[in-house]
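Trainee: kindly return the folded structure for what I paste below:
(one chain, ligands or ions: 2)
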Amino acid sequence: MKASDKKVVPPRRVAVLGAGSWGTTFAKILADGGADVVLWARRPELAREITEGRRNSDYLPGINLPRNLRSTSRLAEALTGAEHVYISIPSQTLRDNLAAIAPHLGPTTVVVSLMKGVEKGTGLRMSEVIAQGLPIDESLIAVASGPNLALEIAKEQPTAAVVSSASLETAQAVAMAATNRYFRSFVNTDVIGTEFGGVLKNLIAVAIGIVDGVGYGENTKASIITRGLVEMTDFAVAYGAHPETLSGLAGLGDLIATCESSLSRNNTAGRLLGQGYSFADVVKQMNQTAEGLASVAPILKLAEARGVEMPIVRQVSQVLAGTLEPKDIAPHLTTDSDEPQGERTTDDGQTRSRSSVWGSIKRAFDQLRDGGGSARRD
Ligand SMILES: NC(=O)c1ccc[n+]([C@@H]2O[C@H](COP(=O)([O-])OP(=O)(O)OC[C@H]3O[C@@H](n4cnc5c(N)ncnc54)[C@H](O)[C@@H]3O)[C@@H](O)[C@H]2O)c1
Ligand SMILES: O=P(O)(O)OC[C@H](O)CO
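Mentor: Ligands and ions are numbered 1, 2, ... in the order given. Have a look, this model is predicted:
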């Protein structure tokens, strides 16, 4: 039998780890799609509220949860018998949690990352951390991403997302589970592009929040969103993503949702910075996860390693460090040169900013001039 002849079936029993706003919302999506869902909450009193009161009032006020969704604070109970395990905890805590998850996985359990960060110390994407921390094959790992503001989806406002896995069959099984009357999951096999889309849009959303907080209007924001998408695409393509993924739900789609919405925690964190609060004050004020704040430094390090220019993300990092006034963050600072720059080029079918293409050409010339020795940095 060919792999394509194999019938993809949705799982009956799934676990969701992390009962914050997205974990609880995704658990509702899966339950409304027909699965029997067990949601792991760290606090027993929250698990009780979800199971008995059908509410998670701290994270999703006013939302009723379905009957086929129950919660437990015992990790083993949530994981035992689960065909799919969906993880929705802060990215920086993932690695530590994997050791406790590993012993409870079956040989065919699919593990899905719902997270949108990179690990600070290593710069690894969440699916890479999962591959390192769990004894499972890459074909059993998937990620889900897209324009997915939790509260809107919990209110059953129609929304779409992308599920990506190196195995199309795994992506399809997850997409079937994560589809219902108000939520539709598409599939692709570009895990790198799908994951980086979710990480990078957070950084541009922080920039948008900053200019919003300063009081700039729509021209500034549209310029930053557009140039931000070029930065996102340059970066992701440099790491092997398909450029079309960045123009899709996991890139442009999520960028629009996150930059436009006051529900976004990244946008909110940026707005506080723009209003003059220090980074430390903003961290104190945020009682939910704003992944962008921890991802700025590792993303800039990864960008430097591949020679990708990310002027907007760099400005965000300078505002966070207190070395750039929020009012000075702007798309007109996106190049070191005063010469007019091309907006973008598609010379090799890939979307890249002309300045970074020029940088690559210049480095290649430098290499030739040096007799093909190690690349010099300009
Ligand atoms: N909220 C959204 O709209 C949304 C949408 C899509 C993706 N995401 C992504 O989902 C992930 C989780 O975000 P969220 O919005 O649910 O955050 P949240 O702050 O609402 O919830 C985080 C959850 O993780 C738990 N947690 C905190 N520290 C932990 C630790 N050390 N070990 C285990 N659990 C821990 C908390 O108890 C809470 O249940 C993030 O990567 C975020 O980018 C969020
Ligand atoms: O609240 P944020 O900024 O983490 O954004 C939530 C989702 O990622 C939007 O798709």
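Trainee: switch to C-alpha atoms for all contacts and neighbour counts from now on
Mentor: Fine.
Trainee: immediately after the helix or strand harbouring Ile208, which helix or strand?
Mentor: Assessed by DSSP states H and E, Ile208 sits inside helix 191-214. For helix 191-214, the following helix or strand on the C-terminal side (DSSP H and E) is helix 218-238.
Trainee: gap between that next one and the chain center?
Mentor: 16 Å (CA atoms, centre = their mean, to the nearest Å).
Trainee: and for stretch 284-303?
Mentor: With CA atoms, centre = their mean, you get 11 Å for stretch 284-303.
Trainee: now do the end-to-end distance for that stretch.
Mentor: 29 Å (CA to CA, to the nearest Å).
Trainee: how about that stretch and ligand 2, touching?
Mentor: Yes: Stretch 284-303 is in contact with ligand 2 by CA under 6 Å from any ligand atom, via Ala290.
Trainee: what does stretch 178-187 give?
Mentor: No: applying CA under 6 Å from any ligand atom, one finds stretch 178-187 separated from ligand 2 by no less than 13.3 Å.
Trainee: quick check: buried residues in that stretch?
Mentor: Ala178, Thr179, Asn180, Tyr182, Phe183, Arg184, Ser185, Phe186, Val187 (16 or more other CA atoms under 10 Å).
Trainee: average pLDDT for it?
Mentor: On average, the pLDDT along stretch 178-187 is 98.
Trainee: what's the answer for stretch 107-118, then?
Mentor: The pLDDT scores in stretch 107-118 average 98.
Trainee: what's in contact with it?
Mentor: 82-92, 124-127, 136, 140-145, 170, 195-196, 198-199, 291-292, 294-295, 298-299 (CA atoms under 8 Å, 6 or more residues apart in numbering).
Trainee: 6 Å instead, please
Mentor: 83-88, 91, 124-125, 140-144, 198-199, 291, 295 (CA atoms under 6 Å, 6 or more residues apart in numbering).
Trainee: tell me which of the buried residues of stretch 178-187 fall in helices.
Mentor: Of these, none are assigned to helices by DSSP state H.
Trainee: among the contacts of stretch 107-118, which are in strands?
Mentor: The strands, defined by DSSP state E, take in His84, Val85, Tyr86, Ile87, Ile141, Ala142, Val143, Ala144 from the contacts of stretch 107-118.
Trainee: ligand 2: which of those is nearest?
Mentor: Set against ligand 2, the nearest of the ones in strands among the contacts of stretch 107-118 by CA to the nearest ligand atom is Ala144 (10.5 Å).
Trainee: what's the pLDDT at the closest one?
Mentor: 99.
Trainee: returning to what we had before: which secondary structure elements does the helix holding Ile208 contact?
Mentor: helix 218-238, helix 254-260, helix 265-274 (3 or more CA pairs under 6 Å, 6 or more residues apart in numbering; DSSP states H and E).
Trainee: check whether that helix contacts ligand 1.
Mentor: No: applying CA under 6 Å from any ligand atom, one finds helix 191-214 out of contact with ligand 1, separated by at least 7.6 Å.
Trainee: just stretch 158-175 next, same as before
Mentor: No: remark: stretch 158-175 sits outside contact range of ligand 1, by CA under 6 Å from any ligand atom, the gap being at least 9.7 Å.
Trainee: what residues sit buried inside that stretch?
Mentor: 159-175.
Trainee: show me the contacts for the residue of the stretch 251-378 of the chain found nearest ligand 2.
Mentor: Using CA to the nearest ligand atom, the single residue of the stretch 251-378 of the chain nearest to ligand 2 is Ser264, 3.3 Å away. Ser264 sits next to Thr258 when contact means CA under 6 Å, 6+ apart.
Trainee: from now on call the first residue 56
Mentor: Sure thing, new numbering starts at 56, so read that last one as Ser319.
Trainee: backbone dihedrals for it, please?
Mentor: phi -70, psi 130 (degrees, to the nearest 10).
Trainee: for Pro202, see how far away it is.
Mentor: 11 Å.
Trainee: what's the overlap in contacts for the two?
Mentor: Common neighbours of Ser319 and Pro202 (CA under 6 Å, 6+ apart) do not exist.
Trainee: what residues does the stretch 56-205 of the chain put near ligand 1?
Mentor: Residues of the stretch 56-205 of the chain lying near ligand 1 (CA under 6 Å from any ligand atom): 73-78, 97, 143-146, 148, 169-172, 203-205.
Trainee: so which of those also contact ligand 2?
Mentor: Answer for those near ligand 2 (CA under 6 Å from any ligand atom): Asn203, Leu204.
Trainee: for ChimeraX, what selects the buried ones among the residues of the stretch 56-205 of the chain next to ligand 1?
Mentor: Entered in ChimeraX, the line below selects the buried ones among these, by 16+ other CA under 10 Å:
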select :73,74,75,76,77,78,97,143,144,145,146,169,170,171,172,203,204,205
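Trainee: restricted to strands, list the residues of the stretch 56-205 of the chain next to ligand 1.
Mentor: Using DSSP E, none of these sit in strands.
Trainee: neighbours of Glu398, how many?
Mentor: Using other CA atoms under 10 Å, Glu398 is surrounded by 12 other residues.
Trainee: wait, is it part of a strand?
Mentor: No: counting by DSSP: H, G, I helix; E, B strand; the rest coil, Glu398 falls outside a strand, being coil.
Trainee: for the helices and strands packed on helix 246-269, give me JSON lines that also has mean neighbour count.
Mentor: Shown next, in JSON lines, are these (neighbours: other CA atoms under 10 Å):
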{"stretch": "helix 273-293", "mean neighbour count": "22"}
{"stretch": "helix 309-315", "mean neighbour count": "23"}
{"stretch": "helix 320-329", "mean neighbour count": "27"}
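Trainee: tell me which of those sits nearest to ligand 1.
Mentor: Going by CA to the nearest ligand atom, the one of the helices and strands packed on helix 246-269 nearest ligand 1 is helix 320-329, 7.9 Å.
Trainee: all set, thanks.
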